[in-house]
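Colleague: any chance you can model this:
(one chain, ligands or ions: 2)
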Amino acid sequence: MGTYRSSDWFGKKDKMGLVYRSWMKNQGMPEDMFDGRPVIGICNTWSELTPCNAHLRDIAESVRRGVLEAGGFPLEFPIMSLGETLLKPTAMLFRNLASMDAEESIRGNPIDGVVLLTGCDKTTPSTLMGAASVDLPTIVVPGGPMLNGKYKGQDIGSGTSAWKFTEELKKGNITYEEYEEVESCMSRSPGHCMTMGTASTMACMAESLGMTLTGGAAIPAVDARRKRLAQLSGRRIVEMVKEDLRMSKILTRNAFENAIKINAAIGGSSNFIIHLTAIAGRIGVPLNLDDFDDIGSKIPLLVNLMPSGKFLMEDFYYAGGVPAVIKQMQSILKTDTITVSGKTHAENISNGGVNYNEEVIYALENPIIVEAGITVLKGNLAINGAVIKPSAATPSLMQHRGRAVVFEDIEDYHLRIDDPDLDIDESCVMVLKTVGPVGYPGMPEVGNMTLPKKLLDQGVTDMVRISDGRMSGTAYGTVVLHVSPESAIGGNLGLVQNGDFIALDVANKSIHLEVSDEELALRRSNWVAPAAVAARGYVNMYINHVQQADKGADLDFLVGGSGSKVTRDSH
Ligand code: FES
Ligand code: MG
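Modeller: Ligands and ions are numbered 1, 2, ... in the order given. Predicted structure coming up:
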């Protein structure tokens with residue numbers, strides 16, 4: 001057995017050693033737990049306020065069992081848990097804060113290796129970002145998706161069906177009682193959203209990067225094999241410590257490229273771009289917005305899941321999950337990248353990766369869409385880029401010129417969207433300002449604005465929408481997101497006026513505001529920045545330090561890592 005960093009605590013023979021050990025012994029730890037064995041932190045994002053992660057204490061028990069079996073010393077600790085549904089103004093505002101919690105909790109404690117228990121959207125990137133800045137041996141155990149939603153004999157998906165049924169209610173097609181019934185039918189087991197929303201996307205990202213054991217992303221939260229995965233991960237992290245298999249050995253540029261390609265093939269959320277960029281920044285792998293287009297936009301869509309497709313995560317798991325996707329894509333991935341198993345992706349799937357259902361996972365030669373990845377748009381409306389997810393968009397709108405209908409902020413939108421006198425038709429382009437990282441703050445998922453009621457009543461199902469915000473991974477539509485620079489810091493998006501014409505051309509990757517440079521300069525000289533939203537606290541720090549969407553919306557001073565060394569004692 002080697003000497004691990006935890007011996008700087010538990011291995012000391014002096015007063016400090018007594019302090020470090022004695023207080024731990026109040027939990028009933030026997031002497032030999034301090035004999036230099038690997039100490040494994042179980043970083044738990046359990047919280048009843050994060051319903052998607054509410055079962056993680058159970059999962060932690062399975063991890064603990066595995067750690068003990070392998071001769072490690074498991075220590076579970078909580079960190080800030082971000083729930084997508086309850087947290088206002090948006091969980092994204094606190095992703096970087098949670099990452100700081102994870103980073104400092106790991107580094108400051110006697111931990112040799114860490115298991116990240118994740119689930120809801122932000123809990124995966126925040127913990128990965130924090131852990132990457134410490135760079136210890138680390139393994140992700142995702143909490144797994146909920147069982148498929150079932151309503152009146154139909155499969156219904158988290159989020160995705162919420163949009164649909166809300167429109168049905170708005171149109172008067174269903175009663176409020178039926179609407180309440182949908183709530184229970186949509187979320188009927190522990191776990192995270194079971195569409196290919198952001199949580200599923202993040203779990204698949206972790207597996208694609210090589211950060212979970214094989215098949216870790218898709219097992220339903222309540223399937224016994226989820227606990228089995230957790231127990232095996234507990235055993236494996238102890239070995240990873242002995243092998244010194246740190247995150248930086250797994251998170252190579254090739255691993256990131258694989259993740260981008262796999263995300264395109266599974267139809268993953270547009271939020272993937274922001275989170276992967278932030279993780280790359282922490283581990284020191286160069287990755288920019290154009291990489292997502294260059295590497296991902298030509299990749300075929302293979303996985304038929306909502307919101308773009310038909311099925312849900314349970315079906316994806318039974319069809320073979322991420323290993324089956326990797327097998328299909330072997331010719332276009334770099335499968336010699338090492339994973340937490342200590343083996344490469346290619347080795348992990350050498351006896352597996354079987355596709356059991358070609359309606360759910362299409363063959364590479366016969367994809368759903370030939371080129372599916374997220375497209376990066378540039379133009380005077382988004383000088384540093386914007387993104388669109390073509391697989392969620394309406395083909396006929398992907399080349400479109402329309403008159404702008406501008407909402408200055410989210411309150412303005414809510415105030416006027418259903419006004420019968422609003423001057424808007426289906427050919428218009430809806431523009432929403434002040435929903436970027438600084439402006440909102442926190443870049444919420446409001447980019448997929450619900451269409452005006454009067455147009456929904458006419459049967460309009462989609463319109464071009466543009467904002468500096470994000471959209472839920474469970475949402476769909478011809479929605480241009482992540483406009484950078486954002487309106488609140490003086491981006492041209494902030495200068496758009498009602499009646500301007502905007503041209504979207506996805507094939508040519510452009511988003512153009514048809515207003516002359518002279519006129520834009522004139523508008524800029526009259527432009528007044530919106531008032532700062534917070535004079536103190538974390539939010540004040542956030543708005544002063546957050547980077548724009550194309551840089552991953554991390555805080556500028558968090559980019560990079562500080563390693564795992566702590567040289568000074570506490571007393
Ligand atoms: Fe938690 Fe969707 S709200 S995963
Ligand atoms: Mg979401």
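Colleague: ok, the residue of the stretch 51-200 of the chain found nearest ligand 2 - how many residues close by?
Modeller: Using C-beta to the ion, Thr198 is the residue of the stretch 51-200 of the chain that sits closest to ligand 2, at 4.2 Å. Yep, even glycine has a C-beta here, placed from its N, CA and C like the rest. Neighbour count of Thr198, defined by other C-beta atoms under 10 Å: 33.
Colleague: do Trp527 as well
Modeller: 12.
Colleague: in this structure it contacts Gly494, no?
Modeller: Yes - contact criterion C-beta atoms under 8 Å: Trp527 and Gly494 qualify, at 6.3 Å.
Colleague: just the C-alphas of the helix or strand of the chain with the lowest mean pLDDT, formatted as PDB.
Modeller: Least confident helix or strand of the chain, by mean pLDDT, DSSP states H and E, is helix 160-171 with a mean of 86. In PDB, the C-alpha atoms belonging to helix 160-171 read as follows (Å, rounded to 0.1, in the frame of the first residue of the first chain):
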ATOM      1  CA  THR A 160     -41.300  17.800 -22.700                       C
ATOM      2  CA  SER A 161     -44.800  16.800 -21.800                       C
ATOM      3  CA  ALA A 162     -45.100  19.600 -19.300                       C
ATOM      4  CA  TRP A 163     -44.700  22.000 -22.300                       C
ATOM      5  CA  LYS A 164     -47.200  20.100 -24.400                       C
ATOM      6  CA  PHE A 165     -49.900  19.700 -21.700                       C
ATOM      7  CA  THR A 166     -49.500  23.400 -20.700                       C
ATOM      8  CA  GLU A 167     -50.300  24.300 -24.300                       C
ATOM      9  CA  GLU A 168     -53.300  21.900 -24.300                       C
ATOM     10  CA  LEU A 169     -54.600  23.500 -21.100                       C
ATOM     11  CA  LYS A 170     -54.000  27.000 -22.600                       C
ATOM     12  CA  LYS A 171     -56.000  25.900 -25.600                       C
END
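Colleague: how about that helix, which residues are buried there?
Modeller: When burial is assessed from 16 or more other C-beta atoms under 10 Å, helix 160-171 yields the following buried residues: 160-165, 167-168.
Colleague: how is this structure divided into domains?
Modeller: Using automatic domain parsing, the domains assigned to the chain come out as 37-147+189-348, 150-182, 375-535+541-550.
Colleague: quick one: average pLDDT of the first one?
Modeller: Along domain 37-147+189-348, the predicted confidence averages to a pLDDT of 97.
Colleague: how far off centre is that domain?
Modeller: Between the centre of domain 37-147+189-348 and the centre of its chain there are 10 Å (C-alpha atoms, centre = their mean, to the nearest Å).
Colleague: first-to-last residue distance for that domain?
Modeller: 28 Å (C-alpha to C-alpha, to the nearest Å).
Colleague: equivalent analysis for stretch 324-337, please.
Modeller: First-to-last residue span, stretch 324-337, C-alpha to C-alpha: 17 Å.
Colleague: hmm, the least confident helix or strand of the chain in reach of ligand 1?
Modeller: No - Helix 160-171 is not in contact with ligand 1 by C-beta under 6 Å from any ligand atom; minimum separation 10.1 Å.
Colleague: repeat that for stretch 115-128.
Modeller: Yes - using C-beta under 6 Å from any ligand atom, stretch 115-128 reaches ligand 1 at 120-121.
Colleague: can I get the CA coordinates of whichever helix in the chain runs longest in CSV?
Modeller: Secondary structure of the chain per DSSP state H: the longest helix is helix 224-243. The C-alpha trace of helix 224-243 is given here as CSV (Å, rounded to 0.1, in the frame of the first residue of the first chain):
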residue,chain,number,x,y,z
ALA,A,224,-31.5,-2.9,-8.8
ARG,A,225,-28.6,-2.6,-11.2
ARG,A,226,-28.3,1.1,-10.3
LYS,A,227,-27.3,0.0,-6.8
ARG,A,228,-25.0,-2.7,-8.2
LEU,A,229,-23.3,0.0,-10.3
ALA,A,230,-22.9,2.1,-7.1
GLN,A,231,-21.4,-0.8,-5.2
LEU,A,232,-19.0,-1.7,-8.0
SER,A,233,-18.0,1.9,-8.3
GLY,A,234,-17.2,1.9,-4.6
ARG,A,235,-14.9,-1.0,-5.1
ARG,A,236,-13.3,0.5,-8.2
ILE,A,237,-12.5,3.9,-6.7
VAL,A,238,-10.3,2.2,-4.1
GLU,A,239,-8.3,0.6,-6.9
MET,A,240,-8.2,3.9,-8.8
VAL,A,241,-6.5,5.5,-5.8
LYS,A,242,-3.9,2.7,-5.7
GLU,A,243,-3.3,3.2,-9.5
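Colleague: and the domains of the chain, which is most packed in?
Modeller: Burial of the domains of the chain is given as mean neighbour count (mean count of other C-beta atoms under 10 Å); domain 37-147+189-348 ranks first at a mean of 24.
Colleague: measure whichever residue of the stretch 451-571 of the chain sits closest to ligand 2 to Thr127 for me?
Modeller: Going by C-beta to the ion, ligand 2 is nearest to Ser472 of the stretch 451-571 of the chain, at 4.3 Å. Distance from Ser472 to Thr127, counting by C-beta to C-beta, to the nearest Å: 21 Å.
Colleague: then Val39?
Modeller: Counting by C-beta to C-beta, the gap from Val39 to Thr127 is 18 Å.
Colleague: swap in Ser331?
Modeller: Distance from Ser331 to Thr127, counting by C-beta to C-beta: 32 Å.
Colleague: next one: Val479
Modeller: 28 Å.
Colleague: and the stretch 51-200 of the chain, which residues reach ligand 1?
Modeller: Going by C-beta under 6 Å from any ligand atom, the residues of the stretch 51-200 of the chain near ligand 1 are 52, 84-85, 120-121, 158, 192-193, 197, 199.
Colleague: now name the helix or strand holding the nearest residue to Tyr151 once chain neighbours are set aside.
Modeller: Leaving aside its sequence neighbours, Tyr151 sits nearest to Cys185 (C-beta to C-beta, 6 or more residues apart in numbering; 4.0 Å). Here Cys185 is covered by helix 176-186, with elements defined by DSSP states H and E.
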